[in-house]
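K.L.:
Quick check, what structure comes out for this input:
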Amino acid sequence: MNHPASHEAVQAILNRRSIRRFLDRPVSNDVIRDVLRIAARAPSGTNIQPWHVHIVTGDARDRLSNAVVDAARKGLRCDEYAYMPARLKDLHLARRRKVGHDLYDLYGIQRHDLPSRKEAMLRNFHFFGAPVGLFFTMDKYLLAGSWLDSGMFMQNVMIAAQALGLSSCPQQAWCEYGRLVHEVLGIPDEQILLSGMAIGYEDTSADENKLRTERADVHDFTTFHSL
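P.N.:
Numbers count the residues shown, from 1 in each chain. The predicted model follows:
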């Protein structure tokens, strides 16, 4: 590819990955504001800009992490919404299994080692060590179009963070304990929790950050209609 006019944007998209171990290095509120200011240029139908962002750092971050980890250990799951169907088609299931196998291999966890797999999953709720957690919400009365709009906003957040030297990991896993996130952070009941996200600086020495997920070739998912 050769896109000189948009080289930095292209590189930010290509280099963005879900990072699962971060450095213990603070990120200033000013940098987070810059990321969100850039991301807010995302399109939305009739410009309603449906997204809300709740940011946790410091003691608030730790308080939320401890509460959700405790609930997860006790099996007190309370899903905010159904993220995937109960049964996936073979193609999607194969992709899901592949990334899971590759990640646990980097963690050094055997497939049958369920306790270690659970502990690895719980790392989500410590934001993988990131100093900043973001939670994206929108008003519940809005419909599917606003989910699309909010997804584009979230993507902008990750690309803007990448361009400014930060790394990220979108974390829908928090929605498995959505009621608790609402309670701890005081998020109004009128808002639905769409996703969490970890933001910080990548620990480049971590094996799990070596994961490179596969992508289907363009011809596998594209149909050109010309007549």
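K.L.:
use CA for all of it now, contacts and neighbours both
P.N.:
Noted.
K.L.:
so where do the helices sit in this structure?
P.N.:
Under the criterion DSSP state H, the chain contains helices at 7-15, 29-39, 58-73, 90-107, 114-122, 144-163, 178-185, 218-221.
K.L.:
List the residues that contact the residue nearest to residue 175 when sequence neighbours are not counted.
P.N.:
What sits nearest to residue 175 in space, not counting adjacent residues and going by CA to CA, 6 or more residues apart in numbering, is residue 80, at 5.2 Å. Neighbour list for residue 80: 175, 176, 177, 178, 179, 192, 193 [criterion: CA atoms under 8 Å, 6 or more residues apart in numbering].
K.L.:
got a pLDDT number for residue 80?
P.N.:
At residue 80, the predicted lDDT confidence score is 97.
K.L.:
Then the one 10 residues further on?
P.N.:
Among the per-residue scores, residue 90 shows a pLDDT of 96.
K.L.:
now swap in the one 4 residues further on and tell me
P.N.:
Residue 94 is assigned a pLDDT of 96 by the prediction.
K.L.:
ok so, going back, taking the contacts of residue 80 one by one, which sit in strands?
P.N.:
Among those, the members found in strands (DSSP state E) are 192, 193.
K.L.:
ok, the residue nearest to residue 175 to residue 172 distance?
P.N.:
When distance is defined by CA to CA, to the nearest Å, residue 80 is 10 Å away from residue 172.
K.L.:
Then residue 117?
P.N.:
On the measure of CA to CA, residue 117 and residue 172 end up 18 Å apart.
K.L.:
out of these two, which sits in the more crowded spot?
P.N.:
Summary of the neighbour comparison: residue 117 and residue 172, criterion other CA atoms under 10 Å, with residue 172 having more neighbours (19 against 15).
K.L.:
Please tell me I have it right and the more buried one contacts residue 178.
P.N.:
No - proximity of residue 172 to residue 178 does not meet the contact threshold set by CA atoms under 8 Å, at 9.8 Å.
K.L.:
Tell me how many other residues crowd residue 134.
P.N.:
20.
K.L.:
quick one, what contacts it?
P.N.:
Residues 53, 54, 55, 56, 196, 197, 198, 199 are the ones in contact with residue 134 under the rule CA under 8 Å, 6+ apart.
K.L.:
correct me, but the second one touches residue 132?
P.N.:
In this case it means residue 54. No - applying CA under 8 Å as the test, residue 54 and residue 132 come out as separate, 10.5 Å apart.
K.L.:
So between the two, which is more surrounded?
P.N.:
The residue with more neighbours, out of residue 54 and residue 132 and counting by other CA under 10 Å, is residue 132; that gives 21 against 13.
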